[in-house]
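*Asks:* model this:
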Amino acid sequence: MRTPEVSVRRLADLTWPEVADLAPRAVLVVPLGATEQHGPHLPLSVDTDVAFALAGRLTAARSHTVLAPAVPYGSSGEHAGFPGTLSLGQRAFELLVIELVRSSDAFAGVLLVCGHGGNVIPLCRAVGRLRAEGRRVHSWLPSGPVDGSHAGRTEPRRCWRCVRARCSRRRPNRGRRLRCRS
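*Replies:* Sure, this is the predicted structure:
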């Protein structure tokens, strides 16, 4: 039996009095992504798109959740040589997460949905610090095979499943490019 879907409450669409009414009984779901290369066949926004799509699906399925705007920048220094990469670095990303969660105290809790592997270490440090402060915070981290997970076979599949409107099914490993529309 399927659970009925509820409409997604987007933080950006709410007024502060609406948030004041909802927040004490709601979990704020924050998608965390990155802006970096994913091979010549995927857009720079893949990690953010996947995190936002997963967070959106969660908030559509759970009534006591609010979807925050996605954070499109992460720790991507290893991709600095690729044009278009925008990276905060680990320390800056960790502090960004800490301050975002601290400012979300009106909510019953915060769930951080991470779509970028480079964010895992600073995210875990931030969550540990926030929990030590008594904050109600949890995180979801990417998992899967290491081989092919970045711009290989796994990531185009995640892109396709989460953001179909922007990615076609063509596979780069068959001599064709995966074309994404902006």
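
*Asks:* pLDDT weak spots in the protein?
*Replies:* 1-6, 38, 77, 79-80, 142-182 (pLDDT under 70).

*Asks:* Show me the helices in it, by range?
*Replies:* Taking DSSP state H as the criterion, the chain carries its helices at 16-22, 46-61, 90-102, 120-132, 154-162.

*Asks:* Now stretch 47-54 - C-alpha only, PDB.
*Replies:* Taking C-alpha atoms only, stretch 47-54 is exported to PDB below (Å, rounded to 0.1, in the frame of the first residue of the first chain):
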ATOM      1  CA  ASP A  47      25.600  16.700  -6.900                       C
ATOM      2  CA  THR A  48      23.300  19.500  -6.000                       C
ATOM      3  CA  ASP A  49      20.500  18.300  -8.400                       C
ATOM      4  CA  VAL A  50      20.700  14.800  -6.900                       C
ATOM      5  CA  ALA A  51      20.700  16.100  -3.200                       C
ATOM      6  CA  PHE A  52      17.800  18.400  -4.000                       C
ATOM      7  CA  ALA A  53      15.800  15.700  -5.800                       C
ATOM      8  CA  LEU A  54      16.300  13.200  -2.900                       C
END
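
*Asks:* Report the buried residues of that stretch.
*Replies:* For stretch 47-54, burial by neighbour count (16 or more other CB atoms under 10 Å) applies to 47-54. Where C-beta positions appear, they are placed from N, C-alpha and C, glycine not excepted.

*Asks:* Looking at the helices of the chain, spot the one closest to Ala34.
*Replies:* helix 46-61 (4.2 Å; CB to CB).

*Asks:* just how off-centre is the closest one within its chain?
*Replies:* With CA atoms, centre = their mean, to the nearest Å as the basis, helix 46-61 stands 7 Å off its chain's centre.

*Asks:* again with stretch 70-90
*Replies:* Worked out by CA atoms, centre = their mean, stretch 70-90 lies 14 Å from the chain centre.
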